[in-house]
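1. When you get a sec, could you give me coordinates for this:
(4 chains)
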Number of protein chains: 2
Amino acid sequence: MDLLQGTLDMLVLRALILGPLHGYGIAKALRSQSGEALAIEFGSLYPALKRLELKGWISSDWQTSEHNRRARFYKLTAAGRKQLRSEYSKWTDFVAAVGRIMDPDGAAK
Amino acid sequence: MDLLQGTLDMLVLRALILGPLHGYGIAKALRSQSGEALAIEFGSLYPALKRLELKGWISSDWQTSEHNRRARFYKLTAAGRKQLRSEYSKWTDFVAAVGRIMDPDGAAK
DNA sequence: CTTGATATATAGATTCTCTGTATATAGAAT
DNA sequence: ATTCTATATACAGAGAATCTATATATCAAG
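-> As a prediction, the model looks like this:
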């Protein structure tokens, strides 16, 4: 809950790096991989998936899920992989910059 | 430029921890302390200051600046100090959670 | 046959941050 | 004198992302 704006796209792209997933699966994977710390809301996720597909970073098709249900599976495109690297790079830069302000002596508590 | 939404308040509060500053000084301090990585826009900063004052986390009064100019100086309140600790704690938790997703093996590149 | 988990979808509200613009003064330079 | 630059605040409007709330539908389990 309460993701910082600008991080969801990166997280979604990252979730797809191991292979295609449907929306529901992406949300579960992110929640689990974050150690239950991040709970992506579906009302944020589905618009995000639409956004990412429009930009050409993911592509999708209807398939049948593990539970025998109709589900739209998303996979990373080459452009998406590139975008992920770029966003991650910006993220680490940003975190480092914030760190210099919040913790100038590097005395991580 | 292009701060992640939700971080500005924390950065502003942190800028005031060493003592009162006016808006212009806060922007310069953050830019400098971040190693020129973060450039806070005044169009974001002044609304943020208003917001923070409304919430009781900072207080302000008109004084004369180092350059002999009229300027509104802001200082942290006790509630602001508490808020800063809280926001920083949430920030580090969030960064850690994102780290578990983006870099599960802790292989910081 | 009812409940819970799976799965997608959208409308609307909320909240920040940014761009662009306006105003004004001090001090330095020409 | 005048012009330029740095200092300083302020607000309107745009843009973008996330959240809440809601609706729909199917499968499996009890």
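2. For the rest of this, base every contact and every neighbour count on C-alpha atoms.
-> Will do.
3. Quick check: residues of chain A near DNA strand C?
-> Contacts of chain A with DNA strand C, taken as CA under 7 Å from any atom of the strand, map to A:22-25, A:42-44, A:46-47, A:65-73.
4. Now, of these, which are buried?
-> Neighbour-count burial (16 or more other CA atoms under 10 Å in any protein chain shown) applied to the residues of chain A next to DNA strand C gives A:His22, A:Gly23, A:Gly25, A:Ala71, A:Arg72, A:Phe73.
5. Show me the residues you listed that map onto helices.
-> Among these, the ones falling in helices (DSSP state H) are A:Gly23, A:Gly25.
6. Of the buried ones among the residues of chain A next to DNA strand C, just say which sits nearest to chain B.
-> Checking these against chain B by CA to the nearest CA gives A:Gly25 as the nearest, at 14.5 Å.
7. Per-residue pLDDT of the closest one, please?
-> For A:Gly25, the pLDDT comes out at 97.
8. cool, A:Met1 as well?
-> A:Met1 is given a pLDDT of 58.
9. Residue numbers of chain A in contact with DNA strand D?
-> Taking CA under 7 Å from any atom of the strand, the part of chain A that reaches DNA strand D is made up of A:1-9, A:40-44, A:47-48, A:67-69.
10. check those residues against chain B, which are close?
-> A:Leu4, A:Gln5, A:Gly6 (CA under 8 Å from any CA of the partner chain).
11. Contact partners for the nearest residue to A:Gln63 once chain neighbours are set aside?
-> Distances taken as CA to CA, 6 or more residues apart in numbering or on different chains place A:Ala71 nearest to A:Gln63, at 5.6 Å, with adjacent residues excluded. Going by CA atoms under 8 Å, 6 or more residues apart in numbering or on different chains, A:Ala71 touches A:His22, A:Gly23, A:Trp62, A:Gln63, A:Thr64, A:Ser65.
12. okay, how far is it across stretch A:28-46, tip to tip?
-> With CA to CA, to the nearest Å as the measure, the ends of stretch A:28-46 fall 14 Å from one another.
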